[in-house]
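Student: got a sequence here, can you build the structure:
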Amino acid sequence: MKAADRLHPDRLFASEPEQRRIARALYEEVAELPIISPHGHCDPRWFAENERFPDPAELLIVPDHYVFRMLYSKGVSLDALGIPRRDGTRESIDPRRVWQIFADHWYLFLGTPTRLWMDYVLVEVLGICEELTPESAPAIYDAIESRLAEPGFRPRALYERFGLEALATTDSASDSLEHHRAIADSGWKGRILPTFRPDAVTDAAKPGFAEEVEKLGAVSGESVDTFDGYLRALHHRRQFFRSMGATATDHGAESPTVLDLGHQEAAALYDKALRKRITPQEAAAFSAHMLFEMARMSVEDGLVMQLHAGSLRDRNRPLFEAYGPNAGADIPQAVSFVHGLKPLLDAFGNEPRFTLILFTLDETTYARELAPLAGHYPSLLLGPPWWFHDSPEGILRYRHTVTETAGFFNTAGFNDDTRAFLSIPARHDLSRRMDCRFLAELVAEHRLTMAEARMLARELSHGLAKRAYRL
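Tutor: Numbering: from 1, shown residues only. Now for the predicted structure:
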């Protein structure tokens, strides 16, 4: 079987003929809609410099934790894949060898969304129709290398080819945003937006918190010796991000617990954190309070607040110590939004100027907590299935679980949340197909008219995300 043969035009649609026919008709109306990518981790340097991408291994394997996580689970060392270590060093590995290892283990990805995304990238983006096998790997590597040398595979050309309308990066609070400025100054019309990600300076439990706060003070021009100065520095940076086109902030937390400690108690904990005398329990309380402060600032400046909760980060401690964060060892855990968000929602849940988009890895909260919350509070929207659940089954579970209570218009559409730039159209295509499959089921059961389903397909593919992120 050639790789192209797996990209059947009806892939992912229901096997029941009538539902498949309806899904196909809906999909045809949204397949070519522009892509809104409002949350992700692509490097703005790509678009500022517009240089050719590196070799196939560096582009498709090294930055993609979905890929190397699976390989690691079956005994492939991260050193063998050329994954950078925490200190910035890495093994000198022939990228052809990394690609061969990937091809030798290609069978591991059967049945996974990674396989679906990579098939799409190979066929639709790179034009590789030959099946990837251990034997074909060298020839496919050469073919990809040849493609990457063409002007049409530079970052800006691919942005335009993918039909991207806007793409948001994720940037630390002290980032200079020099690449975003270079993009703006270049005259190129692509819309690459920064997103304010302050975790390094709001999570007091993170290693290097005091040092990161010092950087925040330096770049903002504010003294951060006091809690008041620290808050002014954060406000200053948010305003700078807004001036550079940002429409959103992003916050990662193990738990969605928010606390309103009051100014005096928060200032005392901040002082302890700077002096590195804060306990783990105090650090957690301070970080929970800073989520409250970030919500308050969002009410003031209009930046949409995203909260990703339910991931126990860096669960494999030896791996984290060797390779740092984002090494594929983050694990879902149970959380409580009803109790955790109460102080925030008491203060801001009814505020018309505030938007909070919630993401979780704890699927058990969808029907029990998230859908009822979003179906009531005007400030809340549900983000799409995230990370481990960004899959055909995860998307269907999400739609079946939340729609009955939250409806469609209390959700925020789709975002791809990826570092793998070439997979963006693959991920949006998968999401659009699964949403059309779900809508087709409702049409076939006479719960929606075809006209209503067409409208919803367009909203789920494009409109909801554009409005949710104020784009």
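Student: quickly note the distance from Ala451 to Phe409.
Tutor: To Phe409, Ala451 is 17 Å away according to CB to CB, to the nearest Å. Glycine gets a C-beta too; all of them are placed from N, C-alpha and C.
Student: more crowded one of these two?
Tutor: In this view Ala451 and Phe409 are compared by other CB atoms under 10 Å, and Phe409 has more residues nearby, 14 against 9.
Student: check contacts around the more buried one.
Tutor: Residues in contact with Phe409 (CB atoms under 8 Å, 6 or more residues apart in numbering) are 459, 464.
Student: quick check: phi and psi on it?
Tutor: phi -90, psi 0 (degrees, to the nearest 10).
Student: ends of stretch 321-341, what's the gap?
Tutor: Stretch 321-341 has an end-to-end distance of 32 Å (CA to CA, to the nearest Å).
Student: what's in contact with it?
Tutor: 65-66, 68-69, 72, 78, 83-86, 254-258, 309-316, 319-320, 358, 360-362, 364-365, 369-370, 373, 387-388.
Student: show me which residues of it are buried.
Tutor: By 16 or more other CB atoms under 10 Å, the buried positions in stretch 321-341 come out as 323-324, 327-330, 332, 335-337, 340-341.
Student: which strands border the one helix or strand Gln306 maps to, and is each parallel or antiparallel?
Tutor: Here Gln306 sits within strand 304-309, counting by DSSP states H and E. Paired neighbours of strand 304-309 in the sheet (DSSP bridges): strand 248-253 (parallel), strand 356-360 (parallel).
Student: need those in JSON lines (columns: distance to Ala204 and mean neighbour count).
Tutor: Below are those laid out as JSON lines (distance: least, CB to CB, whole Å; neighbours: other CB atoms under 10 Å):
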{"stretch": "strand 248-253", "distance to Ala204": "12", "mean neighbour count": "22"}
{"stretch": "strand 356-360", "distance to Ala204": "22", "mean neighbour count": "26"}
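Student: now the ones you listed as a markdown table including mean pLDDT and distance to Leu158?
Tutor: Listed next are these as a markdown table, based on pLDDT from 0 to 100; distance: least, CB to CB, whole Å:
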| stretch | mean pLDDT | distance to Leu158 |
| --- | --- | --- |
| strand 248-253 | 97 | 23 |
| strand 356-360 | 98 | 26 |
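Student: re the thing from before, take the contacts of stretch 321-341 and keep only those in strands.
Tutor: 309, 311-312, 358, 360 (DSSP state E).
Student: ok, of those, which one's closest to Ser423?
Tutor: Distance to Ser423 across the ones in strands among the contacts of stretch 321-341 (CB to CB) is lowest for Ser311, with 20.2 Å.
Student: give the bridge partners for that closest one, please.
Tutor: Applying DSSP bridges to Ser311 gives these bridge partners: Pro332.
Student: these two touch, right, it and Gly252?
Tutor: Yes. Ser311 is in contact with Gly252 according to CB atoms under 8 Å; the separation is 7.1 Å.
Student: picking that back up, now the strands paired with strand 304-309 in JSON lines, with distance to Leu7?
Tutor: Below are the strands paired with strand 304-309 laid out as JSON lines (distance: least, CB to CB, whole Å):
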{"stretch": "strand 248-253", "distance to Leu7": "32"}
{"stretch": "strand 356-360", "distance to Leu7": "29"}
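Student: just how off-centre is stretch 306-318 within its chain?
Tutor: Centroid separation between stretch 306-318 and its chain, computed with CA atoms, centre = their mean, to the nearest Å, is 14 Å.
Student: okay, buried residues for that stretch please.
Tutor: For stretch 306-318, a neighbour-count test (16+ other CB under 10 Å) marks 306-311, 314 as buried.
Student: with stretch 274-284 instead?
Tutor: With burial defined by 16+ other CB under 10 Å, the residues of stretch 274-284 counted as buried are 274, 278, 282-284.
Student: list of residues touching that stretch?
Tutor: Taking CB under 8 Å, 6+ apart as the rule, stretch 274-284 contacts 203-205, 210, 213, 225, 257, 269, 272-273, 286.
Student: looking at the residues you listed, which are in helices?
Tutor: Secondary structure assignment (DSSP state H) places 210, 213, 269, 272-273, 286 from the contacts of stretch 274-284 within helices.
Student: could you dump stretch 83-102 to CSV, C-alpha only?
Tutor: What follows is stretch 83-102, C-alpha atoms only, in CSV (Å, rounded to 0.1, in the frame of the first residue of the first chain):
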residue,chain,number,x,y,z
ILE,A,83,17.3,15.4,21.6
PRO,A,84,19.1,18.3,23.3
ARG,A,85,20.0,17.9,26.9
ARG,A,86,19.0,20.3,29.7
ASP,A,87,22.5,22.0,29.6
GLY,A,88,22.2,22.6,25.8
THR,A,89,24.5,19.9,24.7
ARG,A,90,23.5,17.0,22.5
GLU,A,91,24.9,13.9,21.0
SER,A,92,26.4,14.3,17.5
ILE,A,93,24.0,12.0,15.6
ASP,A,94,23.7,11.7,11.9
PRO,A,95,20.2,12.9,11.1
ARG,A,96,19.9,10.1,8.6
ARG,A,97,20.4,7.6,11.4
VAL,A,98,17.7,9.4,13.5
TRP,A,99,15.3,9.1,10.5
GLN,A,100,16.1,5.4,10.1
ILE,A,101,15.4,4.8,13.7
PHE,A,102,12.0,6.5,13.3
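Student: who touches that stretch?
Tutor: Outside stretch 83-102, the residues that touch it by CB under 8 Å, 6+ apart are 54-58, 60-62, 67-68, 71, 76, 79-82, 134, 137-138, 140-141, 320-324, 327.
Student: any idea of the mean pLDDT for it?
Tutor: Computed over stretch 83-102, the mean pLDDT rounds to 92.
Student: buried ones from the contacts of stretch 274-284, can you make that a ChimeraX selection?
Tutor: This is the ChimeraX syntax for the buried subset of the contacts of stretch 274-284, where burial follows 16+ other CB under 10 Å:
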select :203,204,205,213,257,269,272,273,286
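Student: how about the contacts of stretch 274-284 in TSV, adding distance to Leu382?
Tutor: Shown next, in TSV, are these (distance: CB to CB, whole Å):
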residue	distance to Leu382
Asp203	24
Ala204	28
Ala205	27
Ala210	35
Val213	32
Asp225	40
Thr257	19
Leu269	31
Lys272	36
Ala273	32
Phe286	28
